[in-house]
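Participant: Provided below are the primary sequence and the corresponding predicted coordinates.
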Amino acid sequence: MKRVAVLISGNGSNLQSLIDHIESGDLNAEIAVVVSNDPDAHGLQRASRAGIPTEVITLGEVADDGGNRTAYNIELAGLVSGYEPDLVVLAGWMLILSDDFLRHFGDNIINLHPALPGVFPGTNAISRAHAAFHRGEIKHTGVMVHRVTAEVDAGRVIASEPVPIFHGESVADLEERIHMVEHNLIVAAVDMVLRAEPSD
Ligand code: GAR
């Protein structure tokens, strides 16, 4: 069984979708650990409820020990590597990862982002797309899953799907529809990547 480490920062609804599809037998994988940079992330409760080990590593605690971003990335890499994942999935992970982390996992890190390739990288992608639509600059937005590189929300695209924006809908409505698309796309992308990996 392929082992997946899921990194989160908040609600964890995409983590929940992975858990649900594994439990129903649709996705052949085991979540070896859920790691959060925020001790209050709701996704940690979702993981515990499913019997999945959880870890929290905050930027603050590493800084208190005299560490910086480099130290954080190295410590995080050590923590995640300890669970021997075949794949690291960033599912709502909101910290930028440097090469000090990335080099430990090669091509085996993927990220979910609520925008189409090449547009709206970084935070608040959904509200920025909503505003751009109302300025007449875009006709739709979308979601994507891509391989992770040091460049934020860039890297080879594994799967993407356009999401329409409707006149008069609020950012919250758009966000809800985007999440619904994400919940399927993340499962499909993890499945695709794990199937493509050679078996042990
Ligand atoms: C998702 O919309 C995900 O695409 C986004 O955070 C949300 C997490 O939701 N990630 C990024 O913006 C990364 N740049 P969740 O915690 O409910 O899964």
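Facilitator: That came in fine, so what should we check first?

Participant: Check which helices and strands the host helix or strand of residue 21 sits against.
Facilitator: Using DSSP states H and E, residue 21 maps to helix 13-23. Applying 3 or more C-beta pairs under 8 Å, 6 or more residues apart in numbering; DSSP states H and E, one finds that helix 13-23 makes contact with strand 3-8, strand 30-36, helix 42-49, helix 171-196. Heads up, the C-betas are built off the backbone N, CA and C, glycines and all.

Participant: Mean pLDDT, mean neighbour count and distance to residue 162 for the ones you listed - can I get that in JSON lines?
Facilitator: Output for those, formatted as JSON lines (pLDDT from 0 to 100; neighbours: other C-beta atoms under 10 Å; distance: least, C-beta to C-beta, whole Å):
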{"stretch": "strand 3-8", "mean pLDDT": "98", "mean neighbour count": "25", "distance to residue 162": "25"}
{"stretch": "strand 30-36", "mean pLDDT": "98", "mean neighbour count": "22", "distance to residue 162": "29"}
{"stretch": "helix 42-49", "mean pLDDT": "98", "mean neighbour count": "18", "distance to residue 162": "26"}
{"stretch": "helix 171-196", "mean pLDDT": "98", "mean neighbour count": "17", "distance to residue 162": "9"}
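
Participant: residue contacts, the residue nearest to residue 80 when sequence neighbours are not counted?
Facilitator: Residue nearest to residue 80 in three dimensions, not counting chain neighbours: residue 5, with 5.1 Å by C-beta to C-beta, 6 or more residues apart in numbering. By C-beta atoms under 8 Å, 6 or more residues apart in numbering, the contact list for residue 5 reads 31-35, 80, 83, 85, 87-89.

Participant: Over to residue 167?
Facilitator: With C-beta under 8 Å, 6+ apart, residue 167 has no contacts at all.

Participant: again, but for residue 191
Facilitator: 27-29.
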